[in-house]
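# I would like the atomic coordinates for the input below:
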Amino acid sequence: MVFRGLCVGLGEFLTFAAVILMVFANIGQLTNNIVTRNIRYVSVDASNLGNALASTNTATNDLYAANPAAPVAQGNGIRQSYQWGLYNYCAGQPSGDSRACSDKSFGFEWQPVDALLNDAPQDARNGIQNFLPEATFRDSKYLGDYSKPAMYLIFIGSCLALLSWISGLLSHRFAFLGAAFIALLAALTLGVGAALLTAIYTKARDSVGVQYGVVVHYGNALWMTWGAFVACVLAIVPYILSCCTGRSDDY
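Okay, here's the model as predicted:
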């Protein structure tokens, strides 16, 4: 009885931890409050892009926004930093109030060059596009094609983690079996989604760098997703043991 209780408690704790991690990962960049603005899947530091362009004699007049809080994607000038969540991105001060965010959408795609070009003054866009290397960072179609399904998988995995935790609360051996199966599905979807994002972020980061004045940084929400994946994987065993040692009726 004690062993069964420990298994149940461990499974519930792990799936609850996965739910909490994914709640935070999902709300990143949705608002400008002190919590959500500091949660991101990936960020792009473009603070040295102007210097890199100047070294190639590319015109950089009024490249950066005079007001970091001006609306994004309207040619108001590039921001020093861009931060992406699952459903939108924000630009400006990474941890301050002087920032603006894009519209939110389900199935949001990570396309960093498009964000830069949409902010850049009209007469600087061709110069920026020609300056950046013809590699993954500039391949908006490739990045969009992989980041969009990753976003769906992570959202589905978040919902499955919640269902697994709720199933574990039902205190029934078949509910524990269901919780284990749902935790497995949650782990698969979260793992594949996180792997897709990690892969494209890594390829984009490696294809551009200091010489181009643009640096890609992994965000804390990505590690939260990997943490939720691990928690779901670990929850499978105690839920299965709970099923094997439990009764067919409620406790």
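
# hmm, who's touching stretch 229-237?
For stretch 229-237, the external contacting residues (Cβ atoms under 8 Å, 6 or more residues apart in numbering) are 10-11, 14-15, 17-18, 21, 157, 161, 164, 168, 179-180, 183-184, 186-187, 190-191, 194. The way it works is simple: take the backbone N, C-alpha and C, and place the C-beta from them, glycine included.

# I'd like to know which of those residues are part of helices.
Using DSSP state H, the members of these that fall within helices are 10-11, 14-15, 17-18, 21, 157, 161, 164, 168, 179-180, 183-184, 186-187, 190-191, 194.

# my read: residue 29 touches residue 91, true?
No. Taking contacts as Cβ atoms under 8 Å, residue 29 lies outside contact range of residue 91: 10.1 Å.

# quick one: which of those two has more around it?
The neighbour comparison of residue 29 against residue 91 (other Cβ atoms under 10 Å) goes to residue 91, with 31 against 26.

# Direction included, what does the helix or strand that contains the more buried one pair up with?
Using DSSP states H and E, residue 91 maps to strand 89-92. Using DSSP bridges, strand 89-92 pairs in its sheet with strand 81-84 (antiparallel), strand 99-101 (antiparallel).

# any chance of these in a markdown table, plus mean pLDDT, mean neighbour count and distance to residue 6?
Shown next, in a markdown table, are the strands paired with strand 89-92 (pLDDT from 0 to 100; neighbours: other Cβ atoms under 10 Å; distance: least, Cβ to Cβ, whole Å):
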| stretch | mean pLDDT | mean neighbour count | distance to residue 6 |
| --- | --- | --- | --- |
| strand 81-84 | 96 | 26 | 40 |
| strand 99-101 | 92 | 21 | 44 |
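
# now residue 119, nearest residue through space, not along the chain?
Closest residue to residue 119 apart from its sequence neighbours, by Cβ to Cβ, 6 or more residues apart in numbering: residue 78 at 4.9 Å.

# Same question for residue 111.
Excluding the flanking residues, the one nearest residue 111 by Cβ to Cβ, 6+ apart is residue 140, at 4.2 Å.

# what's the neighbour count on that neighbour?
Neighbourhood size, residue 140 [other Cβ under 10 Å]: 16.

# my guess is it meets residue 116, correct?
No. Residue 140 lies out of contact with residue 116 (Cβ under 8 Å); the separation is 10.6 Å.

# these two touch, right, residue 122 and residue 75?
Yes. In this structure residue 122 lies within contact range of residue 75 using Cβ under 8 Å: 6.0 Å.

# So the two - more neighbours on which side?
Remark: of residue 122 and residue 75, residue 75 carries more neighbours, 18 against 8, as counted by other Cβ under 10 Å.

# which intervals of the stretch 51-200 of the chain have sub-threshold pLDDT?
Residue ranges of the stretch 51-200 of the chain with pLDDT under 70: 59.

# In contact with the residue nearest the centre of the chain: list those residues for me.
In the chain, the C-alpha nearest the mean C-alpha coordinate belongs to residue 41, at 3.2 Å (Cα atoms, centre = their mean). Counting by Cβ under 8 Å, 6+ apart, residue 41 touches 25, 28, 84, 85, 86, 110, 197, 201, 219, 221, 222, 225.
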